[in-house]
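*Asks:* Need a 3D model of the following:
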Amino acid sequence: MNAAENGGYIQSLQMAPGIKGKKITWINKNGILGFVESIILSQKEASEPFYILDLGLLINLVHKWAHDLPMIQPYYAVKCNPNIEFLGAMAALGFSFDCASRAEIETVMALGVSSDRIIFANPCKAESHIKYAASVGVNLTTFDSINEVRKIKRSHPECALLIRIKVMDDSTFRSPLSSKYGALPNEIESLLQAAQAAQLDVIGVSFHIGSGGNDVYAYRYAIAAAKEVFDTTVQLGMPKMKVLNIGGGFTADTHFNVAVMAIKEGISKHFSEEEGLIFMAEPGRYFAEKCFTLATNIIGKRVRGDLREYWITDGIYGSMNCIVNDHAVVTCSPLGTTSNPINPTCTNAELYKSTVFGPTCDAYDTISTSYWLPDLEVDDWLLFPNMGAYTSATGSNFNGFTTSSIPTILYYSNISCVNF
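*Replies:* The predicted structure follows:
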């Protein structure tokens with residue numbers, strides 16, 4: 001992107017819901033440490049954690065998706081990170097959204113997103129939530145059981161449906177989903193017939209290969225399974241399906257390139273003759289994970305021989321719950337504003353094996369027992385990159401440490417392109 005394009009995006013984002021009126025700082029892609037240090041110094045005695053959100057990186061991830069998968073419309077999975085500034089940016093960029101509850105639908109629509117840009121992508125919904133979706137015109141959802149057909153028939157009979165199918169063993173993925181969702185192959189025909197008998201319009205197939213896995217070729221197997229469902233509807237004399245939703249499971253790394261290849265191969269092999277087919281996806285991690293960095297203050301220190309132990313202002317019951325719930329491996333960089341102000345990155349310091357604890361009174365609140373860090377002091381900081389996926393979204397208020405209150409500071413890094 002050239003400077004004019006970047007300037008246009010910044011202007012657009014500055015007017016975005018959730019962002020309007022907030023400062024966006026332009027920095028060089030290598031200037032993040034200096035930017036964070038300036039924030040810390042400006043806060044003086046403040047020591048609470050904060051996120052920094054890189055809108056420049058987000059723009060580049062959007063461009064890469066559009067370049068590599070131009071035929072697939074992404075519906076951002078709100079559950080991954082419902083940060084209001086992030087959602088506002090996505091809304092301003094014209095994104096559609098995957099919502100799993102009434103609250104998520106309300107949040108997205110409050111940002112000015114129209115109902116036709118929302119899929120209610122939860123295969124099992126409370127009936128009150130289905131009624132709400134009907135009342136605001138959210139007219140696309142997923143199902144994988146007879147009971148869901150009955151609820152939708154009662155509460156939202158005008159809603160179009162995607163049948164969610166189970167397509168593979170995803171037990172090796174960080175977040176497997178098939179044990180909870182997806183119709184088995186021997187259930188599909190009866191579910192389609194039930195929807196047909198209820199006079200509900202099943203317009204396509206949905207699947208999810210699982211989140212955080214490496215077997216991206218699973219997309220090929222899943223697309224092949226979806227084609228069998230398309231063929232089954234024809235055999236049953238139902239209207240021809242027109243939507244294929246390939247779900248999520250995307251990561252912003254080299255696995256994305258392999259996934260793109262597998263998806264294109266699967267579509268070419270099984271759906272090349274399907275005219276007018278609409279392709280959807282539900283990425284969350286791909287867009288959110290790398291755009292957020294978490295800054296945490298060191299509030300306690302203990303030395304036991306060569307071991308260093310530190311307490312910081314966020315932990316396992318907060319943003320770091322991703323270690324437990326998402327099987328994430330988090331890393332950190334020291335910012336020694338107190339112990340080493342001349343060299344804030346501590347790059348030349350001697351390293352010590354270190355344990356890092358969260359702020360709560362529970363010993364389970366241990367982030368790592370094997371970091372190698374310089375000899376830091378209370379009021380120094382640790383920066384955790386790649387903290388945008390299933391972090392603040394699933395944190396708690398245990399011991400009075402409120403994850404949802406962690407503020408977000410906006411910046412726009414000058415990144416010319418994203419290459420995995």
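*Asks:* Now for S370, how many residues are close by?
*Replies:* Using other C-beta atoms under 10 Å, S370 is surrounded by 8 other residues. C-betas here are computed from N, CA, C, even on glycine.
*Asks:* just P70 next, same as before
*Replies:* For P70, using other C-beta under 10 Å, the count is 9.
*Asks:* tell me the contacts of the nearest residue to K23 once chain neighbours are set aside?
*Replies:* For K23, ignoring the flanking residues on the chain, the nearest one in space by C-beta to C-beta, 6 or more residues apart in numbering is L410 at 6.8 Å. By C-beta atoms under 8 Å, 6 or more residues apart in numbering, the residues touching L410 are 19, 22-25, 52-53, 55, 85.
*Asks:* Taking those residues, please make a PyMOL selection of just the buried ones.
*Replies:* In PyMOL, a selection of the buried entries from the contacts of L410 looks like this (16 or more other C-beta atoms under 10 Å):
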select buried, resi 19+24+52+53+55+85
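*Asks:* Go through the contacts of L410 and flag which are in strands.
*Replies:* Judged by DSSP state E, the subset of these located in strands is 24-25, 52-53.
*Asks:* so how far is V149 from F120?
*Replies:* Separation of F120 from V149 (C-beta to C-beta, to the nearest Å) stands at 15 Å.
*Asks:* Can you pick out the residue with more neighbours from these two?
*Replies:* Neighbour count, other C-beta under 10 Å: between F120 and V149, F120 has more, with 27 against 23.
*Asks:* Where does I10 sit, in terms of helix or strand?
*Replies:* I10 is located in helix 3-14, with elements delineated by DSSP states H and E.
*Asks:* which stretches of the stretch 251-400 of the chain form helices?
*Replies:* 254-271, 285-288, 322-325 (DSSP state H, counting those that start in this stretch).
*Asks:* Chain neighbours aside, what residue packs nearest to V303?
*Replies:* E309 (7.6 Å).
*Asks:* same question but for I223, I mixed them up
*Replies:* G266 (3.4 Å).
*Asks:* Just the local confidence number for the one you found, please.
*Replies:* As predicted, G266 sits at a pLDDT of 96.
*Asks:* Equivalent analysis for the one 3 residues further on, please.
*Replies:* Reading off the per-residue confidence, K269 sits at a pLDDT of 96.
*Asks:* give the contact list for it.
*Replies:* By C-beta under 8 Å, 6+ apart, K269 lies in contact with 220, 223-224.
*Asks:* okay, who's weakest in those residues by pLDDT?
*Replies:* For these, the pLDDT minimum is R220, 91.
*Asks:* A helix includes that one, no?
*Replies:* Yes: per DSSP: H, G, I helix; E, B strand; the rest coil, R220 lies within a helix segment.
*Asks:* is it true that it touches K264?
*Replies:* No: between R220 and K264 there is no contact under C-beta atoms under 8 Å: 9.7 Å.
*Asks:* how close does the residue nearest to K23 sit to A160?
*Replies:* 37 Å.
*Asks:* Just the element for V36, please.
*Replies:* helix 32-43.
*Asks:* Could I get the buried residue list for that helix?
*Replies:* The neighbour-count check on helix 32-43 (16+ other C-beta under 10 Å) flags 32, 35-37, 39-40 as buried.
*Asks:* got TSV for those, with pLDDT and distance to P239 too?
*Replies:* Rendered in TSV, the data for those read as follows (pLDDT from 0 to 100; distance: C-beta to C-beta, whole Å):
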residue	pLDDT	distance to P239
I32	84	52
F35	89	54
V36	89	55
E37	86	60
I39	89	56
I40	87	59
